[in-house]
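J.: what's the 3D shape of this:
(one chain, ligands or ions: 1)
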Amino acid sequence: MRTFEELGVIPEIQKAITELGFEQPMPVQTEVIPQLLANTRDIIALAQTGTGKTAAFGIPIIQKINVKQLSPQTLILCPTRELCLQIAGDLTDYSTYVQDIKILPVYGGSSIDSQIRTLKRGVHIIVATPGRLIDLIKRRTVSLSDVHTMVLDEADEMLNMGFSEDIDEILSHLPEERSMLLFSATMPKEIEKITRKYMSDPVEITIGRKNEGALNVRHLFYMVHAKDKYLALKRIVDYYPNIYGIVFCRTRKETQEIADKLMQDGYDADSLHGDLSQAQRDLVMAKFRNHNLQLLIATDVAARGLDVDDVTHIINFGLPDDQESYTHRSGRTGRAGKTGTSISIIHIKEKGKIAQIEKMINKKFEKREIPKGDVICEKQLFNFVDKIEKVKVNEAEIERLLPSIFRKLEWLEKEDIIKRIVSLEFNRLIEYYQQAEEIYEPQEGSSRRGRDDFRGKGDRQDGGARRAEKGYARLFINIGKMDGVNPGTLMGFINDNVPGKVPVGRIDLMKNFSFFEVPEELASKVVSTFKGMYVDERKLMVQIAQDDSGQERGKKKFYGNDSGGKSKKKKVRY
Ligand code: AMP
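T.: Reported below is the predicted structural model:
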């Protein structure tokens with residue numbers, strides 16, 4: 001492997017990047033740096049964020065600046081303000097020991113006057129978002145006639161954001177003879193058009209395979225009913241106690257809603273989207289960067305400029321509309337040599353999209369089942385126990401308090417203390433999962449309408465979709481946990497009322513209703529027994545939920561006789 005020195009990087013920059021912790025060039029740097037230093041005219045580099053691309057173009061650009069000539073010599077265009085600041089900041093870091101170099105970020109949403117003043121004083125490198133730069137060009141406060149190098153960073157994203165015409169406009173102000181460097185994570189047709197239009201015989205550099213996601217990212221998906229998506233998200237987050245992740249939503253509204261719900265439910269989460277003020281966005285990003293926030297809920301656009309290397313998980317709260325966005329999203333994890341996981345919570349209708357993305361990234365998704373409550377609790381508990389083992393004890397600080405603490409707890413055995421500490425941390429979680437209904441995957445080809453007919457308002461469980469055990473029929477009953485029913489009382493209730501002995505199989509208790517299984521030959525007897533019965537003032541409804549072909553029966557035809565009050569008003573208790 002070649003060193004930065006062997007690539008031709010000058011000692012001043014080497015010193016700065018060594019201080020930043022760059023020991024060896026990353027592949028994109030090994031490819032791009034010598035090309036740019038050797039004045040290769042045009043370069044197309046297919047590389048995602050996280051591959052080290054900023055330094056790949058930033059280092060040679062700085063090196064090629066003639067500081068004595070105080071006019072813009074390099075223009076870097078990027079899609080968002082965040083990325084603009086990021087790139088300008090990185091370039092400033094690389095040029096710590098290069099005397100007098102002037103780098104100016106130019107972006108919307110901040111004072112144009114101060115940007116104009118800085119431009120008047122003279123700059124060498126402009127990092128800009130297209131809109132603000134055009135504004136400055138129109139005001140004739142910037143001249144691009146000395147620009148010899150132009151970089152289009154995240155070109156695919158710029159096109160996605162509708163900057164195509166702006167790019168045309170800006171390029172028309174640049175000299176004919178200039179090098180152009182285009183960075184893109186993906187290579188859609190529109191990018192190929194730009195390259196044909198503005199580049200002559202470009203050198204093409206591909207880091208990884210074309211359109212392939214990062215190699216060290218695993219792709220998982222969970223399939224749930226649309227209404228279970230949020231609960232599934234919570235479970236997934238709970239299943240990874242040390243998650244440091246970004247949850248991508250499709251709209252600003254959804255982003256805010258999900259963030260609000262997570263915060264209400266006690267998660268360390270916050271939102272990042274375009275409806276927030278710049279100051280709010282900066283604050284959230286700083287919190288996330290500093291690990292003061294575990295979950296960032298973001299839109300694609302708002303998260304663009306976020307440069308964080310150790311994101312462990314990306315969660316797609318639904319798949320993005322375009323496949324390229326998936327590559328961008330998943331490229332936010334598995335960076336700088338680390339491994340990462342990209343999780344998608346999808347609806348059954350999105351299954352086809354998975355196959356398309358698999359083709360594009362040339363990788364298979366692993367299908368997962370939503371973790372069950374007990375598995376989550378176990379995982380959280382062991383993670384906590386692990387933390388207890390590893391925690392650094394500050395002996396000096398707690399020394400003086402220890403004798404009184406020991407005295408206070410002296411009556412407890414070691415086992416009791418452990419149990420209490422663990423309970424303190426986990427009682428709420430355990431209780432939540434004891435009460436929570438499991439989330440089931442939608443059955444392909446099953447009738448949603450039919451199943452929904454059995455639901456109580458606000459219930460989210462699809463226990464009715466489950467098939468009965470062989471030889472058993474699955475029955476629906478319109479009483480559930482809210483009515484104080486538990487498996488014991490339900491079994492007792494059935495056997496107290498149905499003549500003869502009824503062996504009750506699997507029971508699924510929901511909030512407002514339940515399912516239970518009885519031997520097939522007894523099903524109609526059970527149904528007819530409860531016909532017309534009342535519990536308190538509520539009419540009981542019992543019906544066969546599914547036959548053994550998995551088809552729901554008797555939709556909307558509730559037993560219990562609704563016809564004109566002729567029902568026998570048998571009052572029962574359970
Ligand atoms: P980028 O693809 O430009 O967003 O860079 C991803 C991350 O890799 C940034 O945090 C850089 O600071 C870091 N980085 C870039 N080049 C190197 C290198 N040669 N060695 C170590 N880290 C690097």
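J.: use CA for all of it now, contacts and neighbours both
T.: Noted.
J.: quick check: residues of the protein near the ligand?
T.: Within the chain, the positions adjacent to the ligand are 21-26, 49-55, 309, 336 by CA under 6 Å from any ligand atom.
J.: could you tell me which of those belong to helices?
T.: Lys53, Thr54, Ala55 (DSSP state H).
J.: which residue, other than its chain neighbours, is closest to the first one?
T.: When you say that, I think you mean Lys53. Val28 (6.2 Å; CA to CA, 6 or more residues apart in numbering).
J.: ok, residues contacting the helix or strand encompassing that neighbour?
T.: Applying DSSP states H and E as the criterion places Val28 in helix 27-37. With CA atoms under 8 Å, 6 or more residues apart in numbering as the contact definition, helix 27-37 has outside contacts at 2, 7-8, 47, 51-53, 55-57, 59-61, 64, 205, 207.
J.: again, but for stretch 509-525
T.: Against stretch 509-525 from outside (CA under 8 Å, 6+ apart): 437, 455-456, 459, 461, 463-464, 468-469, 471-483, 485-487, 498, 502-508, 544-545.
J.: can you check stretch 5-13 too?
T.: Contacts of stretch 5-13 (CA under 8 Å, 6+ apart): 14, 30, 33-34, 37, 59-60, 63, 94-98.
J.: hmm, which of the residues you listed are the buried ones?
T.: Listed as buried from the contacts of stretch 5-13 are Gln14, Thr30, Ile33, Pro34, Leu37, Ile59, Pro60, Gln63, Tyr94, Ser95, Val98; burial here means 16 or more other CA atoms under 10 Å.
J.: before we move on, the earlier item: Throw the ones in helices among the residues of the chain next to the ligand into a markdown table and include neighbour count and pLDDT, thanks.
T.: Converted to a markdown table, these look like this (neighbours: other CA atoms under 10 Å; pLDDT from 0 to 100):
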| residue | neighbour count | pLDDT |
| --- | --- | --- |
| Lys53 | 22 | 90 |
| Thr54 | 19 | 93 |
| Ala55 | 22 | 95 |
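J.: Val217: which of the residues you listed is nearest?
T.: The nearest member of these to Val217, counting by CA to CA, is Lys53 at 18.5 Å.
J.: ok so, going back, what mean pLDDT would you report for the helix holding Val28?
T.: Helix 27-37 shows a mean pLDDT of 91.
J.: and the angle from whichever helix or strand comes after it to helix 27-37?
T.: Where DSSP H and E defines the elements, the next helix or strand beyond helix 27-37 is strand 42-46. In terms of direction (axes from the mean of the first three to the mean of the last three CA atoms, to 10 degrees), strand 42-46 departs from helix 27-37 by 170 degrees.
J.: now strand 42-46, how far from the centre of its chain.
T.: Computed by CA atoms, centre = their mean, to the nearest Å, the chain-centroid distance of strand 42-46 equals 29 Å.
J.: just checking, what packs against that strand?
T.: The helices and strands touching strand 42-46, judged by 3 or more CA pairs under 8 Å, 6 or more residues apart in numbering; DSSP states H and E, are strand 179-184, strand 203-206.
J.: most tightly surrounded among these?
T.: Comparing those by mean neighbour count (mean count of other CA atoms under 10 Å), strand 179-184 comes out on top with a mean of 25.
J.: that one versus helix 27-37: what angle between them?
T.: 160 degrees.
J.: who's in contact with strand 179-184?
T.: By CA under 8 Å, 6+ apart, strand 179-184 touches 39-48, 148-157, 199.
J.: just to be sure, Leu104 is in a strand?
T.: Yes. Counting by DSSP: H, G, I helix; E, B strand; the rest coil, Leu104 is found in a strand.
J.: which non-adjacent residue is nearest it?
T.: Ile126 (5.0 Å).
J.: for the one you found, list the residues it contacts.
T.: Pro72, Thr74, Leu75, Ile76, Ile103, Leu104, Pro105, Val106.
J.: of all the residues you listed, which comes closest to the ligand?
T.: Ile76 (13.4 Å; CA to the nearest ligand atom).
J.: against Ile191, how distant is the closest one?
T.: 17 Å (CA to CA, to the nearest Å).
J.: next: Lys68.
T.: Counting by CA to CA, the gap from Lys68 to Ile191 is 35 Å.
J.: equivalent analysis for Leu262, please.
T.: In terms of CA to CA, Leu262 sits 38 Å off from Ile191.
J.: which secondary element of the protein has the worst mean pLDDT?
T.: helix 448-453 (a mean of 32; mean pLDDT, DSSP states H and E).
J.: now the element after that one, going C-ward?
T.: Defined by DSSP H and E, the subsequent element after helix 448-453 is strand 472-477.
J.: who does that following strand touch, helix- and strand-wise?
T.: strand 514-519, helix 520-530, strand 542-546.
J.: other SSEs contacting the next helix or strand along the chain from it?
T.: Counting by DSSP H and E, the next helix or strand C-terminal to strand 472-477 is helix 487-497. Packing partners of helix 487-497 (3+ CA pairs under 8 Å, 6+ apart): helix 520-530.
J.: list the buried residues of the helix it packs on.
T.: Glu520, Leu522, Ala523, Ser524, Val526, Val527, Thr529, Phe530.
J.: max-length helix in this structure?
T.: Under DSSP H, the chain gives helix 414-435 as its longest helix.
J.: and the contacts of that helix?
T.: Residues contacting helix 414-435 (CA under 8 Å, 6+ apart): Gly373, Asp374, Cys377, Leu381, Phe384.
J.: of the residues you listed, select the buried ones using a PyMOL command.
T.: Applied in PyMOL, the following selects the buried portion of the contacts of helix 414-435 according to 16+ other CA under 10 Å:
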select buried, resi 373+377+381+384
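J.: between the contacts of helix 414-435, which is closest to Arg81?
T.: Phe384 (39.5 Å).
J.: you'd agree the closest one is in a strand?
T.: No. Per three-state DSSP, Phe384 lies outside any strand segment and is helix.
J.: so what pLDDT did it get?
T.: Per the predicted model, pLDDT is 85 at Phe384.
J.: equivalent analysis for Trp411, please.
T.: 89.
J.: contacting residues for it?
T.: Neighbours of Trp411 in contact, by CA under 8 Å, 6+ apart: none.
J.: roughly how far does Ser179 sit from Ala38?
T.: In terms of CA to CA, Ser179 sits 11 Å off from Ala38.
J.: hang on, I meant Ile87
T.: Applying CA to CA to Ile87 and Ala38 gives a distance of 22 Å.
J.: of these two, which one has the most company?
T.: A side-by-side neighbour count of Ile87 and Ala38, using other CA atoms under 10 Å, places Ile87 first with 24 against 11.
J.: ok but that one is inside a helix, no?
T.: Yes. Under three-state DSSP, Ile87 sits within a helix.
J.: name the nearest residue to it, ignoring sequence neighbours.
T.: Using CA to CA, 6+ apart, the closest residue to Ile87 is Thr54 (6.7 Å).
J.: now for the closest residue to Ala226 other than its chain neighbours: which residues touch it?
T.: Setting aside the residues directly before and after it, Ala226 is nearest to His347 in space (CA to CA, 6+ apart), at 5.7 Å. If you count contacts by CA under 8 Å, 6+ apart, His347 has them with Met223, Val224, His225, Ala226, Gly318.
J.: which parts of the longest helix of the chain are buried?
T.: Phe426, Leu429, Ile430, Tyr433.
J.: switch the helices and strands packed on strand 472-477 over to CSV; also include mean pLDDT.
T.: Shown next, in CSV, are those (pLDDT from 0 to 100):
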stretch, mean pLDDT
strand 514-519, 89
helix 520-530, 90
strand 542-546, 77
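J.: Throw those into TSV and include distance to Asn362, thanks.
T.: Formatted as TSV, the helices and strands packed on strand 472-477 follow (distance: least, CA to CA, whole Å):
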stretch	distance to Asn362
strand 514-519	43
helix 520-530	48
strand 542-546	40
